[in-house]
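[1] Generate coordinates for the sequence data below:
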Amino acid sequence: MTPSREQKLWMYEKMLVSRRFEEAIETIYLEGKKPVFNMAKGPIPGEMHLSNGQEPCAVGVCAHLEPSDVVTATHRPHHQAIAKGIDLKRMAAEIFGKATGLSGGRGGHMHLFDPAVNFACSGIIAQGMGPAVGAALSRKMQGKPGVAIAYIGEGAVNQGAFHEALNLAAVWKLPVVFVVEDNAWGISVSKAASTAVPENHVRAEAYGMPGHLVRDNDPYEIFATAGKAIAAARNGEGPSLIEIETMRLAGHFMGDAETYRPKGEKDGLTLRDPISRMRARLIADGDADEATLDRIEEAAQAEVDEAIAFARNSPDPDPADALTSVFV
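    Take a look at the predicted model:
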């Protein structure tokens, strides 16, 4: 399964929007946090996890999805949210804690929720897997079409929720695809130091479902592998698991000194930036010329600039609404 030219350009565009969005957020996040880093200061207080480098994992899968399909994501969710079609202005406003945000500023960047495109994420490791299985079960019980995608990091495969979710999905033969983004680091702990098997796709066999491995952060291979898995889920063939070897170009969170990384690792990853590689590939394959890709870049930047301006100019929540839409 090979992506069409239109799909390739869509993937490149969404990867760019995600990267430019995170670059803007990174700059703004640091406002008021210098010279001494204080997470509570600035227009975006709290933790911030960037997904730069992992963009192929989002676009290669979400290229096959409809708005009615469900995606659950992790504490590093921007690339997945953007690829799923989340409202970028309201997403930015949510990250800024503004009243116009997706949840009125209550959730922040780790708890984005947009029912218009069936996207949600959680700051708790592996906790999006249960809701994804539940969404798939609801569709099967109601005889409705649609699949669920549960994104997790490689560190989440050692959580109990991972095993429980895979087991139930397999027992009930549900239309759900589990996607493991393996960036090799669970916070500051390497996969080799925390996980007994070198590749997590082999775990799928224990639950009677197909397991697939995509190496080298390749968006076209991700597209092909996800396309087959999602088609199988839609056809009633049950769940599957996809493991993607990807990269985390930033630290675990903004402010992470990354002293745990081996010397030279970061420089090596930067040389393999997936956006630069895809741009070169599009040109080499004759899918686009420099001018076309420059226009996509300009449009992506303009979309991000508009979203950031919307967030900055939006009103803060009314303190009187603090308990609205909250279980007490």
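[2] What strand or helix carries the most centrally placed residue in the chain?
    Nearest to the mean C-alpha position of the chain, by Cα atoms, centre = their mean, lies Gln80 at 3.1 Å. Per DSSP states H and E: Gln80 is located in helix 78-84.
[3] do Gln127 as well
    In this assignment (DSSP H and E), Gln127 forms part of neither any helix nor any strand.
[4] before we move on, what SS does Leu102 have?
    In terms of secondary structure, Leu102 is coil; the call rests on DSSP: H, G, I helix; E, B strand; the rest coil.
[5] That one reaches Met91, doesn't it?
    Yes. With contact defined as Cβ atoms under 8 Å, Leu102 counts as touching Met91 (6.1 Å). C-beta here means a position set from N, CA and C on the backbone, and glycine is covered the same way.
[6] Return every residue with contacts to both of these two.
    With contacts defined as Cβ atoms under 8 Å, 6 or more residues apart in numbering, the residues adjacent to both Leu102 and Met91 are Leu112, Asp114.
[7] List the residues that contact the residue nearest to the centre of the chain.
    Contacts for Gln80 were tallied using Cβ under 8 Å, 6+ apart; they are Ser51, Cys57, Ala58, Cys62, Val71, Ala73, Phe119, Cys121, Tyr151.
[8] Of those, which is the nearest to Val17?
    Using Cβ to Cβ, Ala58 is the member of the contacts of Gln80 that lies nearest Val17, at 10.6 Å.
[9] and for the strand or helix carrying the closest one, what are the contacting residues?
    Take DSSP H and E as the rule and Ala58 turns out to sit in helix 55-62. Residues lying outside helix 55-62 but in contact with it, judged by Cβ under 8 Å, 6+ apart, are 10-11, 14-15, 18-19, 51, 71, 79-80, 82-85, 149, 151, 177, 179, 181, 214, 217-223, 225-226, 230, 242, 244, 246, 274-275, 278.
[10] Show me the strands in this protein, by range?
    Shown for the chain, the strands assigned by DSSP state E span residues 70-73, 113-114, 119-121, 148-153, 176-182, 185-186, 189-190, 211-214, 240-245.
[11] Show me what the fourth one packs onto, helices and strands only.
    Contact partners of strand 148-153 among helices and strands, from 3 or more Cβ pairs under 8 Å, 6 or more residues apart in numbering; DSSP states H and E: helix 55-62, strand 70-73, helix 129-142, strand 176-182.
[12] do the same with the first one
    Using 3+ Cβ pairs under 8 Å, 6+ apart, the elements in contact with strand 70-73 are helix 78-84, strand 119-121, helix 129-142, strand 148-153.
[13] Direction included, what does that strand pair up with?
    Partner strands for strand 70-73, per DSSP bridges, with pairing direction: strand 119-121 (parallel), strand 148-153 (parallel).
[14] Show me the contact partners of it.
    Outside strand 70-73, the residues that touch it by Cβ under 8 Å, 6+ apart are 62, 65, 80-81, 84, 112, 118-122, 128-129, 131-132, 135-136, 146-151.
[15] Show the average pLDDT along it.
    Across strand 70-73, pLDDT averages out at 98.
[16] about what we covered before: of the contacts of Gln80, grab the buried ones for ChimeraX.
    Selection of buried members from those for ChimeraX, criterion 16 or more other Cβ atoms under 10 Å:
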select :51,57,58,62,71,73,119,121,151
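[17] could the contacts of Gln80 be laid out in TSV, adding distance to Pro3?
    As requested, the contacts of Gln80 are exported to TSV (distance: Cβ to Cβ, whole Å):
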residue	distance to Pro3
Ser51	21
Cys57	15
Ala58	14
Cys62	12
Val71	19
Ala73	22
Phe119	22
Cys121	25
Tyr151	20
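[18] where in the protein is pLDDT low?
    Low-confidence segments of the chain (pLDDT under 70): 327-328.
[19] any idea which of the contacts of Gln80 is closest to Phe96?
    Taking Cβ to Cβ as the measure, Cys121 is the one of the contacts of Gln80 closest to Phe96, at 17.0 Å.
[20] Is that closest one bridged to anything, and to what?
    Note on Cys121: beta-bridge partners Ala73, judged by DSSP bridges.
[21] circling back: could you say which one of the strands of the chain comes nearest to Pro315?
    Where the strands of the chain are weighed against each other on Cβ to Cβ, the nearest is strand 113-114, at 20.1 Å.
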